[in-house]
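Novice: Fold the following, please.
(chains A and B)
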Amino acid sequence: MSDLRALLPDLPCDETAAPVFRAPWEAQAFAMAVALHQKGLFTWPEWAETLSAEIKRAQAAGDPDTGETYYRHWLNALEKLVVTKGATSDAALQARAEAWDRAAKATPHGQPIMLPRS
Amino acid sequence: MELRVRALESILVEKGYVDPAALDVLIETYETKVGPHNGAQVVAKAWSDPAYRDWLRRDATAAIVSLGYAGRQGEHMVAVENTPDTHNMVVCTLCSCYPWPVLGLPPVWYKSAAYRSRAVIDPRGVLKDFGVTLPADKQIKLWDSTAEVRYLVIPERPPGTEGWSEERLAKLVTRDSMIGTGLARNPDEVSP
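Specialist: This is a model prediction of the structure:
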């Protein structure tokens, strides 16, 4: 009967205490999708379709889908849609992430991380 | 995750698709300004003002916007009213469509596969998990949100609240009661 409770130990959860976002990247990913939709890059139904496809795909691949991994699916969907709409490419995203990674590793602790001007 | 978000954001900023300051405003809005307290105002007004309640039933989008709650995922709202015979409950079986302007962003359980599937198969069991037991003869209506239509449940007004101000009534309206996984609080559950 209560497999929902077993999966979600914090249910029924606190009305107000739960943070909206659990990490800054979740907030950034959330806001980017809303901003891009405002900008007209995609419609909201297109977004919902991409996100739900991403959730289904993750579930099929064994994601427990407890809601904790929600913003991972959100980010996957966002990258996919942004590439589909031609705003950037997978290769560009990949290259940029690697550049940030290298910059982060080369930056002394406590200093702001900057990308070298290319 | 962080690297990927940073990569995506820096590219989109360079190309002029997003403005970092606008992102900050969005985040602040959803973290602090938008939340179930908005929906509670709508419900409290519907409880105390029959004309507003009729408007909400007829055209929830306009009635909600009139209180200043507009925005993404609130473009087409439908209010569903609980009655002595019927309890309404909302789910998004596909993903997590949710009426942001009135409820804020959805709680974790709303986005979980467990809730999305079980709400459909066994709504009474889900309600029990939330500590809600309804009379056996009460009908449960389940509403599946979509990218186009969002639902707001108007819970039943608790007895013993005659003559209460909207402000006081709003304190009885919980987030879960507006999703339909809870009921409004009783007067003795809140401080006067």
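
Novice: Going by C-alpha atoms from here, please, whenever you check contacts or count neighbours.
Specialist: OK.

Novice: quick one: what helix or strand has residue B:141 in it?
Specialist: strand B:139-144 (DSSP states H and E).

Novice: which residues of chain A fall in helices?
Specialist: Ranges of helices in chain A, per DSSP state H, are A:3-7, A:24-39, A:44-60, A:70-84, A:90-106.

Novice: per-stretch mean pLDDT over these, give me the minimum one.
Specialist: The weakest mean pLDDT among these belongs to helix A:3-7, with a mean of 46.

Novice: quick one: the most centrally placed residue in chain A and chain B, what's the gap?
Specialist: Nearest to the geometric centre of chain A sits residue A:75, at 2.5 Å (CA atoms, centre = their mean). According to CA to the nearest CA, to the nearest Å, residue A:75 and chain B sit 8 Å apart.

Novice: how does chain B divide up, domain by domain?
Specialist: B:1-33, B:37-189 (automatic domain parsing).

Novice: so does the longest one get close to chain A?
Specialist: Yes - among the residues of domain B:37-189, B:72, B:94-95, B:97, B:105, B:107-115, B:118, B:125-126, B:129-131, B:147-148, B:174-175 lie within reach of chain A under CA under 8 Å from any CA of the partner chain.

Novice: And the residue of chain B found nearest chain A, its phi and psi?
Specialist: Residue nearest to chain A within chain B (CA to the nearest CA): residue B:112, separated by 4.2 Å. Residue B:112 adopts backbone torsions of phi -80, psi 150, taken as degrees, to the nearest 10.

Novice: can you pull the contacts of it?
Specialist: For residue B:112, the contacting residues are A:65, A:66, A:67, A:68, by CA atoms under 8 Å, 6 or more residues apart in numbering or on different chains.

Novice: Show the buried residues in those.
Specialist: A:65, A:66, A:67 (16 or more other CA atoms under 10 Å in any protein chain shown).

Novice: Nearest spatial neighbour of the second one, chain-adjacent residues omitted?
Specialist: With sequence-adjacent residues excluded and distances taken as CA to CA, 6 or more residues apart in numbering or on different chains, residue A:66 is closest to residue B:112, at 4.3 Å.

Novice: And the last one, by the same measure?
Specialist: Leaving aside its sequence neighbours, residue A:67 sits nearest to residue B:112 (CA to CA, 6+ apart; 4.2 Å).

Novice: Can you pull out the low-pLDDT segments for chain B?
Specialist: Judged by pLDDT under 70, chain B has its weakly predicted residues at B:192.

Novice: what are the ranges of the helices in it?
Specialist: With DSSP H as the criterion, chain B has helices spanning B:2-14, B:20-28, B:36-48, B:50-58, B:60-65, B:100-103, B:108-111, B:113-121, B:123-129, B:166-170, B:175-179.

Novice: rewinding a little: so what does the strand holding residue B:141 touch, helix or strand wise?
Specialist: Where contact means 3 or more CA pairs under 8 Å, 6 or more residues apart in numbering or on different chains; DSSP states H and E, strand B:139-144 is packed against strand B:86-91, helix B:123-129.

Novice: I'd like to know which of those lies nearest to residue B:63.
Specialist: For residue B:63, the closest of the helices and strands packed on strand B:139-144 is strand B:86-91, at 19.6 Å, according to CA to CA.

Novice: Check which residues of the closest one are buried.
Specialist: Quick answer for strand B:86-91 (16+ other CA under 10 Å): B:87, B:88, B:89, B:90, B:91.

Novice: Just the pLDDT for residue A:19.
Specialist: According to the model, residue A:19 carries a pLDDT of 70.

Novice: Contacts only, for it.
Specialist: residue B:31.

Novice: Kindly reformat the helices of chain A as a markdown table containing distance to residue B:78.
Specialist: Formatted as a markdown table, the helices of chain A follow (distance: least, CA to CA, whole Å):
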| stretch | distance to residue B:78 |
| --- | --- |
| helix A:3-7 | 27 |
| helix A:24-39 | 22 |
| helix A:44-60 | 17 |
| helix A:70-84 | 25 |
| helix A:90-106 | 39 |
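
Novice: what's the neighbour count on residue 46?
Specialist: No chain specified, so I'll use chain A. 12 (other CA atoms under 10 Å in any protein chain shown).

Novice: was after chain B, sorry
Specialist: Residue B:46 has 22 nearby residues by other CA under 10 Å.
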